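>>> Sequence first, predicted coordinates after that:
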Amino acid sequence: MKRDLARKLAILSDAAKYDASCASSGGERRESSDGKGLGSSGGSGICHAYAPDGRCISLLKILMTNFCIYDCAYCVNRSSSQVERARFTVEEVVTLTVEFYRRNYIEGLFLSSGIIRSPDETMAAMVRIAKTLRERENFRGYIHLKTIPDAAPELIEQAGLYADRLSINVELPTETGLGRLAPEKSATGIRKAMAEVRLRREASREPSHRGKRPARFAPAGQSTQMIVGADGANDAAILASASTLYANYGLSRVYYSAFSPIPDASRALPLVRPPLLREHRLYQADWLLRFYGFDAGEIATGGMLDLEVDPKLAWAMAHRGAFPVDVNRAPREMLLRVPGFGTRTVARILEARAHSAVRYEHLAPMGAVMKHAKPFITAPGWRAAGLDDAALRARFAPPPEQLSLF
């Protein structure tokens, strides 16, 4: 029986919840105020819209299909999984995107897909969707395509000409894990495709000898997704893998997707730690890698992140000898390691202390979270005390308390 479009949308939007998406930060700015186009995309982020039930929506996030020829053990849409299947046509995805935009539900499209028949056939259909939106519908909103590493390079190149952002899933933190749980996929092939995207992006930013720039290519960059908890890799290995990906492929983001075992006794996989809390800590640690000057090896020194406190606070408590720091003398690198100090706070401290001393009472207006920072700093008007107190950890990670029912 032929399914109606609403039923397909219900199936394939639900199936897409396992794909990590990202906003359009870094995308090319496009306007339709001239009346010649549909939608807009700003370089600083996508505009939020609200559905009738009050949910905040920005992207139409769907799979083109949840049929898949691969049998990856961690994927709910694997070929052996007993899930309800559906598939959109190219025209159906275009229609949904345009109609949802006109109803002010979305500002862009996030499109992923299972593999149907072959990687090339699947990628070609996704490219046709993006091309039709751009050229026929003159859609100027944000488009993020989850690309397929085994697809022909010319298809990946076409995808980058129409999409704002491309992402190629690295899948798992280790090649061993990928070989065991997804033997049909190649870690070498995935990394090769990511490297090609990086090279094309760099080439698109270089003007020719005549000063003419080539066609833009994925201007918002590329990202990847890593499944956490399926292969037994510890947090140190995950962060080391992420650090390598950032360094080698110029990624804008690594997305961590908490693995929850799929109810299938024949394909049972271990659940190591509370998945969502672990995912949250990994995102916090990833932030330290990208913006705070931390190395992967010093964040999860015991192999696993502390689930009770955030990674920056855990590092500070494990390195009490480095504290307290004087906010008027410490270098930027050390100020960034103070719990409660963000990058903007540190920038404001450095700017202010060039003119006069920064006092304790100045820090909160600069954006510092003083609850976290107080035990780790000194400043005129404040001197940290009790840093070596055994109760310091209890201040930040109090034991659970039984609440009264009455």
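Nice, thanks for sending it over. Remember, it's a predicted structure, so these values are computed and weren't measured experimentally.
>>> contacting residues for L305?
235, 278, 281-282, 285, 299, 311, 314 (CB atoms under 8 Å, 6 or more residues apart in numbering). All C-beta spots, glycine's among them, are computed from the backbone N, C-alpha and C.
>>> and whichever strand or helix holds R128, how far out from the chain's middle?
Using DSSP states H and E, R128 sits within helix 119-131. Mean-position distance between helix 119-131 and its chain equals 23 Å (CA atoms, centre = their mean, to the nearest Å).
>>> who touches M334 in this structure?
Residues counted as contacts of M334 (CB under 8 Å, 6+ apart) are 322, 325.
>>> typed the wrong thing, it's A258
For A258, the contacting residues are 228-229, 275-276, 278-279, by CB under 8 Å, 6+ apart.
>>> How confident is the prediction for it, by pLDDT?
As summarised for this prediction, A258 has a pLDDT of 87.
>>> And for the one 10 residues further on?
Per-residue pLDDT puts A268 at 49.
>>> if I look at the closest residue to K8 other than its chain neighbours, how far off is L161?
The spatial neighbour of K8 that comes closest, neighbours along the chain excluded (CB to CB, 6 or more residues apart in numbering), is A86 at 4.5 Å. With distances taken as CB to CB, to the nearest Å, A86 is found 28 Å from L161.
>>> what's the neighbour count on the residue nearest to K8?
Neighbour count for A86, taken as other CB atoms under 10 Å: 18.
>>> Okay, buried residues for stretch 121-132 please.
For stretch 121-132, burial by neighbour count (16 or more other CB atoms under 10 Å) applies to 122-132.
>>> typed the wrong thing, it's stretch 145-155
Applying 16+ other CB under 10 Å to stretch 145-155 flags 145-151, 155 as buried.
>>> just to revisit the earlier point, most neighbours of all the contacts of L305, which one?
In terms of neighbours by other CB under 10 Å, these top out with A285 at 27 neighbours.
>>> circling back: nearest to F291 among the contacts of L305?
Of all the contacts of L305, F291 sits closest to A285, with 11.5 Å by CB to CB.
>>> Excluding covalently adjacent residues, which one is nearest to the closest one?
P311 (4.4 Å).
>>> cool, and T301?
The shortest distance from T301 to any non-neighbouring residue, by CB to CB, 6+ apart, is to A318 (7.2 Å).
>>> check contacts around P324.
Contact analysis of P324 by CB under 8 Å, 6+ apart lists 375-378, 383-384, 387.
>>> do that again at 7 Å, thanks
The contact partners of P324, by CB atoms under 7 Å, 6 or more residues apart in numbering, come to 376-378, 384, 387.
>>> from the residues you listed, which ones fall inside helices?
Among the contacts of P324, none falls in helices (DSSP state H).
>>> Let's have those residues in CSV, adding distance to R201 and neighbour count.
Below are the contacts of P324 laid out as CSV (distance: CB to CB, whole Å; neighbours: other CB atoms under 10 Å):
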residue, distance to R201, neighbour count
F376, 40, 22
I377, 41, 24
T378, 45, 17
A384, 46, 15
L387, 46, 14
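>>> ok, those residues vs L363, which is closest?
Out of the contacts of P324, the member with the shortest distance to L363 (by CB to CB) is I377, at 7.8 Å.
>>> so what's that closest one bridging to?
With DSSP bridges applied, I377 shows beta-bridge pairing to V325.
>>> now swap in R87 and tell me
Beta-bridge partners, per DSSP bridges, of R87: T65.
>>> thought it was touching T65?
Yes - contact criterion CB atoms under 7 Å: R87 and T65 qualify, at 3.8 Å.
>>> Who has more neighbours out of those two?
Between R87 and T65, counted using other CB under 10 Å, the more crowded position is T65 (23 against 18).
>>> Next one: that one from A16, what distance?
Distance, T65 to A16, by CB to CB: 11 Å.
>>> Counting by contacts, list what the helix or strand encompassing L199 packs against.
Assigned by DSSP H and E, L199 belongs to helix 187-204. Secondary-structure packing of helix 187-204 (3 or more CB pairs under 7 Å, 6 or more residues apart in numbering; DSSP states H and E): helix 153-162, strand 222-228, helix 235-249.
>>> Deepest in the core, which of these is it.
The highest average neighbour count among those, using mean count of other CB atoms under 10 Å, belongs to strand 222-228 at a mean of 23.
>>> Show me what that one is packed up against.
strand 165-167, helix 187-204, helix 235-249, strand 253-258, helix 275-291.
>>> and of those, who's closest to C75?
Ranking these by proximity to C75 (CB to CB) places strand 253-258 first, at 10.7 Å.
>>> returning to that earlier point: could I get the average pLDDT for the helix holding R128?
Mean predicted confidence for helix 119-131 is 96.
>>> what comes into contact with stretch 222-232?
19-20, 22, 74, 165-174, 177, 180-181, 194, 197, 238, 242, 245, 251-259, 269-272, 275, 278-279, 282.
>>> Return a PyMOL selection command for the buried portion of the residues you listed.
Per 16+ other CB under 10 Å, the buried members of the contacts of stretch 222-232 correspond to this PyMOL selection:
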select buried, resi 19+20+22+74+165+166+167+168+169+170+171+172+173+174+177+181+194+197+238+242+245+251+252+253+254+255+256+257+258+259+269+272+275+278+279+282
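>>> Out of the contacts of A258, which one has the lowest pLDDT?
Lowest confidence among the contacts of A258: P275, with 84.
>>> correct me, but that one touches R281?
No - counting by CB under 7 Å, P275 does not reach R281; the two are 11.0 Å apart.
>>> got CSV for the contacts of A258, with distance to T343 too?
CSV is the format used below for the contacts of A258 (distance: CB to CB, whole Å):
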residue, distance to T343
V228, 25
G229, 30
P275, 29
L276, 26
R278, 25
E279, 23
